[in-house]
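Trainee: Take a look and give me a structure for this.
(chains A and B)
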Amino acid sequence: GQNIDQPTEMTATEGAIVQINCTYQTSGFNGLFWYQQHAGEAPTFLSYNVLDGLEEKGRFSSFLSRSKGYSYLLLKELQMKDSASYLCALNYGGATNKLIFGTGTLLAVQP
Amino acid sequence: GAVVSQHPSWVICKSGTSVKIECRSLDFQATTMFWYRQFPKQSLMLMATSNEGSKATYEQGVEKDKFLINHASLTLSTLTVTSAHPEDSSFYICSARNTQKNGYTFGSGTRLTVV
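Mentor: I've put the predicted structure just below:
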């Protein structure tokens, strides 16, 4: 089966940098997504990693190591509006392309 | 582009009744849609994979006779919660696989409250 783990909660300070980790076990790995979700809303796409390495997009970066089953999301220059849940999601199953979500990390950005 | 419209956004129903939730892909064809359920302070749990023109594939522990999924066209998938009970109260979200963008587009979600 598939298993995805993330820290449940994190707290960081406005203007700082925070790293949210995600570890996973799966077969048929296709790729790994990171989403942001505010309460009561649909997830919003942040990043997608297929190959090992770092993908940078503005204030957000995501890293993947397939051999270690590990990814992280890096948020720089934190803003109050970044307070949200961050979901690591695994795309697996070859052609079926299922997408399953980790437990999610609730990030609180404090002034 | 790549918009999925989900309706209704919220619904309140009485115990024992059925509720239908619709998801439409507006500007792309979605041969595969996924249905998720999310309880408060929890992550999205995959319920089933809906494939156009064929039977849905349900995840372990999800009752196929209770959560009826129909994917009759390339742009529409429906989830019907039959004989709803208060424990079915949750946030239901659909997602469509967008092969052109190699990604997933989510509906805005449906808040179901069973009283």
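
Trainee: Helix, strand, or coil at the closest residue to A:Phe33 other than its chain neighbours?
Mentor: Leaving out its chain neighbours, the residue that sits closest to A:Phe33 by Cβ to Cβ, 6 or more residues apart in numbering or on different chains is A:Ala89, at 4.2 Å. Backbone N, C-alpha and C define where each C-beta goes, glycine included. Of the three states, A:Ala89 takes strand according to DSSP: H, G, I helix; E, B strand; the rest coil.

Trainee: Contacts for the one helix or strand A:Glu56 maps to next, please.
Mentor: Under the criterion of DSSP states H and E, A:Glu56 resides in strand A:53-57. By Cβ atoms under 8 Å, 6 or more residues apart in numbering or on different chains, the residues outside strand A:53-57 that reach it are A:46-49, A:61-64.

Trainee: do you know how far A:Ala12 is from A:Phe33?
Mentor: From A:Ala12 over to A:Phe33 the distance is 22 Å, taken as Cβ to Cβ, to the nearest Å.

Trainee: which one of the two has more residues nearby?
Mentor: Using other Cβ atoms under 10 Å in any protein chain shown, the more surrounded residue of A:Ala12 and A:Phe33 is A:Phe33, with 21 against 18.

Trainee: partners of whichever helix or strand that one is part of in the sheet?
Mentor: In the assignment (DSSP H and E), A:Phe33 maps to strand A:29-37. If you go by DSSP bridges, strand A:29-37 pairs up with strand A:44-49 (antiparallel), strand A:84-92 (antiparallel).

Trainee: could you give the mean pLDDT of it?
Mentor: Summarised as a single mean, pLDDT over strand A:29-37 is 93.

Trainee: Show me which residues of it are buried.
Mentor: Neighbour counts over strand A:29-37 (16 or more other Cβ atoms under 10 Å in any protein chain shown) mark A:29-37 as buried.

Trainee: and of the contacts of strand A:53-57, the nearest to chain B?
Mentor: Here the nearest of the contacts of strand A:53-57 to chain B, counting by Cβ to the nearest Cβ, is A:Tyr48; it sits at 6.7 Å.

Trainee: Pull the contacting residues for that closest one.
Mentor: Applying Cβ under 8 Å, 6+ apart, the residues near A:Tyr48 are A:31-34, A:55, A:62, B:102-103.

Trainee: rerun that using 10 Å as the cut-off
Mentor: A:Tyr48 makes contact with A:31-34, A:55, A:57, A:62, A:64, A:89, A:91, B:101-104 under the criterion Cβ atoms under 10 Å, 6 or more residues apart in numbering or on different chains.

Trainee: Any idea what it is bridged to?
Mentor: Assessed by DSSP bridges, A:Tyr48 has beta-bridge partners A:Phe33.
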